[in-house]
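Chemist: Any chance you can model this:
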Amino acid sequence: MVSRSASILLGAVLTLSLFATTPASSQELDSWELGINYPGEDSTNAFILSDQGSTKVDFFVENSGLTEITVEFEFNIPFSGDLEAPDGETISAGSNESFELKISGIDVLSHDAEKKEKFSITATITARQGVPDPLSSSQNKEGDLEIPSIFDLAVEIDEPFGPMNAGSDTIVTVTVTNNGNAQDGVGEVDVKDDCPLMSTDNGLDSLLSGNIEAGSEKDANLKVTASESHPKRHCDITVTVTSKREMSGGGNAIAEGEVRITVEPPPSGDSGSSDQGGGSSDTEDSIESNLPAPGAIMAISGFLGALFFGRAEGEKKF
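Modeler: Below you'll find the model as predicted:
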C-alpha cells in the first residue's frame, strides 16, 4: 500500500515538475493524438456494415511527446454489436501505433437500410514512463456505422390442384416476397418450361409495375396451356425474377421458383360406343350360355328316332 502511494506521489511530482519548467514542456506533456482512419480519409463518410453485420475500423495513437505513455481504450458500439479490440497499449516517445477494432454480430435485417448511428473510441493515459499519471488525460473520436441495403427477393409458385389434360389450360399463382430491409421491386421476369408443346401467357408482367416494401409481397397469375397433341408427361416450369434496385446499382440479385405440372391425355370421346359394344358381346355370351350343349341335342334326337321307328315296326306286325 505504501509503495503504491509512493508511486502515485512520485508521478504527481514528476508531472508537476514538467508543468513547472516551461510552457514548451507543458505542451510536450499533451503531445499525443487519437485518430481514426475514415473511409476516403473523410470523417463524414460512414463505415458501411457488410450483409453479415460486420466491419473493421482502423485507429491509431500518435505519441509526439518526450515520454512513453500507456493508454487504455473504451468503445461504444451501436446496434447491439459485438467488438474485438485491444484493451490498451504502451506507445514509445515519438512513435505511432495502429490498432484494429472489429465490429460484428449486428442483425442488419432488423434495421432500415442506410440507417446510421455513431460509434466511439476513447483513449485515456494511465501512465507515463511506467509511472501512474494522476491527470488521466483522454481523447475521444467518433464515426458513423451504416446499415447496408439488403435486396433479397423470394419466389413461390402455388402447386396446381391436380393434373391437366392435353388441349386445356390451368392457372398458377406466383408470389414474390421482399425479404430484404429496403424497398425493392421486380426489374425482370423470365418464364421457362421443359415441354415444347406447352405455352404460358404474359400474366406475370404485372409484377414489373410498382415496388414491394420490405417484408411485403406481390402476386400474379400465370396461365399455362398444353396443346391437344401434348403427350402424357411431367413438365417443370421455372420463374426467375431480378431485383429492380440491384439492377439499378449494377448488381444481379435474382430469385427463382419452380413448379411441376402433370399433363394427361384428353378424355376418350368414344367411351359410350365402347360401352355399348361391350353390352352386345355380353348379351351374345348370355344367349349362347342358355342353349343346350351339342352332345345333349344328339342324344335326344337319337332317343326320339328310336322311339318313332320302334312304334312303326310294331304296327306292321299287327
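
Chemist: got a list of what Val172 touches?
Modeler: Residues in contact with Val172 (C-beta atoms under 8 Å, 6 or more residues apart in numbering) are 157-158, 160, 221-222, 224, 237, 259, 261. C-beta coordinates here come from the backbone N, C-alpha and C atoms, glycine included.

Chemist: same deal with Thr44?
Modeler: Thr44 is in contact with Tyr38, counting by C-beta under 8 Å, 6+ apart.

Chemist: Which secondary structure element is home to it?
Modeler: Assigned by DSSP states H and E, Thr44 belongs to no helix or strand.

Chemist: coming back round to it: quick one: which of the contacts of Val172 is nearest to Asp58?
Modeler: Here the nearest of the contacts of Val172 to Asp58, counting by C-beta to C-beta, is Ile157; it sits at 47.4 Å.

Chemist: Run through the bridge partners of the nearest residue to that closest one once chain neighbours are set aside.
Modeler: Distances taken as C-beta to C-beta, 6 or more residues apart in numbering put Val259 closest to Ile157, at 4.1 Å, once the chain neighbours are dropped. In this structure, Val259 bridges to Ile237 when assessed by DSSP bridges.

Chemist: Asn178 versus Val259, what's the distance?
Modeler: The spacing between Val259 and Asn178, counted by C-beta to C-beta, to the nearest Å, is 21 Å.

Chemist: Any chance of a ChimeraX selection covering the buried ones in the contacts of Val172?
Modeler: Only the buried entries of the contacts of Val172 go into this ChimeraX selection, using 16 or more other C-beta atoms under 10 Å:
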select :157,160,222,224,237,259,261
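
Chemist: any chance of the contacts of Val172 in a markdown table, with pLDDT, secondary structure and distance to Trp32 too?
Modeler: Shown next, in a markdown table, are the contacts of Val172 (pLDDT from 0 to 100; DSSP: H, G, I helix; E, B strand; the rest coil; distance: C-beta to C-beta, whole Å):
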| residue | pLDDT | secondary structure | distance to Trp32 |
| --- | --- | --- | --- |
| Ile157 | 97 | strand | 64 |
| Asp158 | 96 | coil | 66 |
| Pro160 | 91 | coil | 73 |
| Asn221 | 97 | strand | 69 |
| Leu222 | 97 | strand | 68 |
| Val224 | 97 | strand | 73 |
| Ile237 | 97 | strand | 68 |
| Val259 | 97 | strand | 66 |
| Ile261 | 96 | strand | 73 |
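
Chemist: Can you tell me which of the contacts of Val172 comes closest to Thr126?
Modeler: Ile157 (63.7 Å).

Chemist: which ones are touching the closest one?
Modeler: Contacts of Ile157 by C-beta under 8 Å, 6+ apart are 172-175, 222, 237, 239, 257-259.

Chemist: Dump the residues you listed to JSON lines, plus distance to Ser43.
Modeler: Putting the contacts of Ile157 into JSON lines (distance: C-beta to C-beta, whole Å) gives the following:
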{"residue": "Val172", "distance to Ser43": "54"}
{"residue": "Thr173", "distance to Ser43": "51"}
{"residue": "Val174", "distance to Ser43": "47"}
{"residue": "Thr175", "distance to Ser43": "45"}
{"residue": "Leu222", "distance to Ser43": "52"}
{"residue": "Ile237", "distance to Ser43": "53"}
{"residue": "Val239", "distance to Ser43": "47"}
{"residue": "Gly257", "distance to Ser43": "45"}
{"residue": "Glu258", "distance to Ser43": "49"}
{"residue": "Val259", "distance to Ser43": "52"}
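
Chemist: can you pull out the helices in the stretch 101-250 of the chain?
Modeler: In the stretch 101-250 of the chain, the helices defined using DSSP state H, counting those that start in this stretch lie at 244-248.

Chemist: where does it have low pLDDT?
Modeler: Low-confidence segments of the stretch 101-250 of the chain (pLDDT under 70): 250.

Chemist: ranges for the strands of it?
Modeler: Secondary structure of the stretch 101-250 of the chain, counting by DSSP state E, counting those that start in this stretch: strands at 116-128, 131-132, 138-146, 153-157, 164-165, 169-178, 186-193, 198-200, 217-226, 233-243.

Chemist: and the first one, what other elements does it pack with?
Modeler: For strand 116-128, the helices and strands in contact under the criterion 3 or more C-beta pairs under 8 Å, 6 or more residues apart in numbering; DSSP states H and E are helix 2-21, strand 32-36, strand 55-63, strand 69-76, strand 138-146.
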